[in-house]
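> what's the 3D shape of this:
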Amino acid sequence: MTSPSSTSPGGLGSPRRSATSIVALCFVVIVFDGYDLVVYGATVPSLLAYEPWALSAAQAGAIGSYALVGMLLGALMSGWLAPRIGARAIVLGSLISFSVLMGLTAIAPNAEIFGLLRFLGGLGLGGVVPTVIALTVEYSPPARRQFHNALMYSGYSVGGMLSALAALALLPEHSFRIMYALGLLPLITIVPLAWRYLPESAAYLARKGHLDKAHALAETYGLTLPDTTTVPATTGSMASVARGPRKIPLLLLVIASFCGLLLVYGVNTWLPNIMRQSGYSLGSSLSFLLVLNLGAIVGALAASRVADRFGSKPVTIVSFLLAVAAILTLGAGLPVVAAMAVVAVAGLGTVGTQILVNGYVATYFDDHERTAALGLSLGLGRLGAIFGPILGGWIASSALGVAWNFYAFAAFAAVGCLAVALVTRRESALPHHAVTDSAQSATPIPR
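Prediction:
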């Protein structure tokens with residue numbers, strides 16, 4: 001075995017590191033990911049007012065969907081690439097690509113090029129999410145995997161709020177282009193840090209035969225490597241996971257992810273408009289959006305601690321049920337303070353639930369399957385992110401009435417709840433990983 005001091009980037013010379021540095025790096029990556037995705041919504045008014053492009057509302061809506069389509073393809077690509085090139089290369093490549101493309105978007109000469117660059121940037125945005133989730137879970141102690149995942153993924157909401165704050169500070173005096181130019185910041189901030197300190201997946205290195213590097217990482221971070229002699233060479237690809245013995249649970253988790261992402265993007269897009277139609281003031285309606293995301297962060301962190309103790313499945317089911325109850329309650333015409341409290345619960349039930357679903361997928365599948373499974377669940381589930389805003393827009397333009405927004409979103413939350421409830425106990429096809437999800441979460445397992 002070679003010395004850990006020089007086997008791979010990531011500073012392996014230090015003995016017994018915790019997962020904190022990895023969680024922190026992945027958190028900052030997700031902050032930039034959240035900023036780059038949400039920035040479009042913050043700049044839509046400026047884009048519509050930009051006379052040289054003369055964008056219509058319909059054209060602006062179409063451009064907004066391009067990044068989501070790119071994210072769908074990017075998530076699927078990351079699942080396909082992970083067994084071939086490793087998680088580290090995907091994270092670095094995705095970071096560099098979406099940062100460069102954000103910078104190019106800032107100087108786009110016309111709306112067509114702008115839309116194309118948003119689509120291409122979405123490929124990197126989508127590719128980074130399942131990969132950093134997989135790395136966070138792999139390097140976290142089993143008893144804190146859900147909490148670390150929720151802590152890391154809360155960076156998405158932080159990035160979204162930073163985008164809104166930057167828009168408030170900059171757009172009154174500057175062009176929309178400055179908001180996209182800020183997307184270049186990862187190139188000089190997080191990319192050098194990730195290059196130096198972000199380790200490769202130890203399970204990937206072991207599977208590829210780089211045992212010295214894998215054992216050095218395992219010793220540094222206190223991991224137990226899987227027995228690669230029992231893992232078939234084809235295992236870990238998206239095709240093998242989709243056709244494997246847990247294909248039905250995977251399908252159910254894809255459905256849950258579809259419903260979760262539909263709620264995240266549908267509710268975030270239409271909540272202010274829905275609450276205004278329900279009789280609340282404009283100021284209150286915009287405040288609901290902030291409360292929704294704050295509730296998501298706090299609720300997801302608290303729920304993830306419970307999931308680490310009692311297992312992902314029951315907590316995710318309860319979170320979906322809270323979404324059903326909160327969304328239906330919002331249609332009851334509550335006083336503003338009570339409505340704010342219910343919206344905070346809805347934040348857990350929507351954004352927070354999707355964080356729990358991601359964590360469930362990550363802990364349900366083994367190390368060698370994790371990134372592929374996350375790529376499939378987040379990639380195919382991304383269709384829900386595209387459909388959610390469309391559903392809200394269709395209801396808003398129909399004669400159904402505002403109450404149908406609550407009925408529709410609550411119905412999809414119920415479908416997501418049912419999908420998670422039908423997931424069977426986790427029985428691995430590989431003898432050395434035969435452990436249920438709840439047992440893995442409830443009892444610390446030496447790694």
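> which ones are touching residue 118?
40, 63, 66, 67, 70, 105 (Cβ atoms under 8 Å, 6 or more residues apart in numbering). Every C-beta, even on glycine, is put in place using the N, C-alpha and C of the backbone.
> beyond the helix or strand encompassing it, next helix or strand please.
Taking DSSP states H and E as the criterion, residue 118 maps to helix 111-139. Sequence order places helix 145-153 as the next helix or strand after helix 111-139, per DSSP H and E.
> can you get me a residue count around residue 316?
Residues lying near residue 316 (other Cβ atoms under 10 Å) number 30.
> residue 260 against residue 357, yeah?
Yes: the criterion here is Cβ atoms under 8 Å, and residue 260 meets it with residue 357 at 4.9 Å.
> re the thing from before, so for the helix holding residue 118, what gets flagged as buried?
111, 114-139 (16 or more other Cβ atoms under 10 Å).
> which residues of the stretch 301-447 of the chain fall in helices?
Using DSSP state H, counting those that start in this stretch, the helices of the stretch 301-447 of the chain run over 312-330, 336-347, 353-364, 370-397, 403-421, 437-442.
> residue 147: what's it in contact with?
Residue 147 sits next to 301, 304, 305, 307, 308 when contact means Cβ under 8 Å, 6+ apart.
> give me the distance between it and residue 158.
From residue 147 across to residue 158, the span is 17 Å (Cβ to Cβ, to the nearest Å).
> please apply the same query to residue 347.
From residue 347 over to residue 158 the distance is 14 Å, taken as Cβ to Cβ.
> neighbour-wise, which of these two wins?
Taking neighbours as other Cβ under 10 Å, residue 347 and residue 158 compare with residue 347 leading, 32 against 17.
> isn't the more buried one right up against residue 290?
No: with contact defined as Cβ under 8 Å, residue 347 does not count as touching residue 290 (9.8 Å).
> the domain parsing of this structure - what is it?
Domains of the chain are assigned by automatic domain parsing as 20-225, 239-442.
> tell me how far the ends of the first one are from each other?
So the one you mean is domain 20-225. 20 Å (Cα to Cα, to the nearest Å).
> which residues of the stretch 51-200 of the chain fall in helices?
Using DSSP H, counting those that start in this stretch, the helices of the stretch 51-200 of the chain run over residues 57-85, 87-105, 111-139, 145-153, 155-170, 177-181, 185-188, 190-197.
> those into CSV, with extra columns for mean pLDDT?
Listed next are the helices of the stretch 51-200 of the chain as CSV, based on pLDDT from 0 to 100:
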stretch, mean pLDDT
helix 57-85, 85
helix 87-105, 94
helix 111-139, 92
helix 145-153, 90
helix 155-170, 84
helix 177-181, 94
helix 185-188, 91
helix 190-197, 92
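> to residue 390, which of those helices lies closest?
Across the helices of the stretch 51-200 of the chain, residue 390 has its closest neighbour in helix 57-85 (8.4 Å, Cβ to Cβ).
> about what we covered before: of the domains of the chain, which shows the lowest average pLDDT?
When the domains of the chain are ranked by mean pLDDT, domain 239-442 comes last with a mean of 82.
> how far does that domain sit from its chain's centre?
Its chain's C-alpha centre and that of domain 239-442 lie 11 Å apart, by Cα atoms, centre = their mean, to the nearest Å.
> and stretch 182-191, by the same measure?
In terms of Cα atoms, centre = their mean, the centre of stretch 182-191 is found 20 Å from the chain centre.
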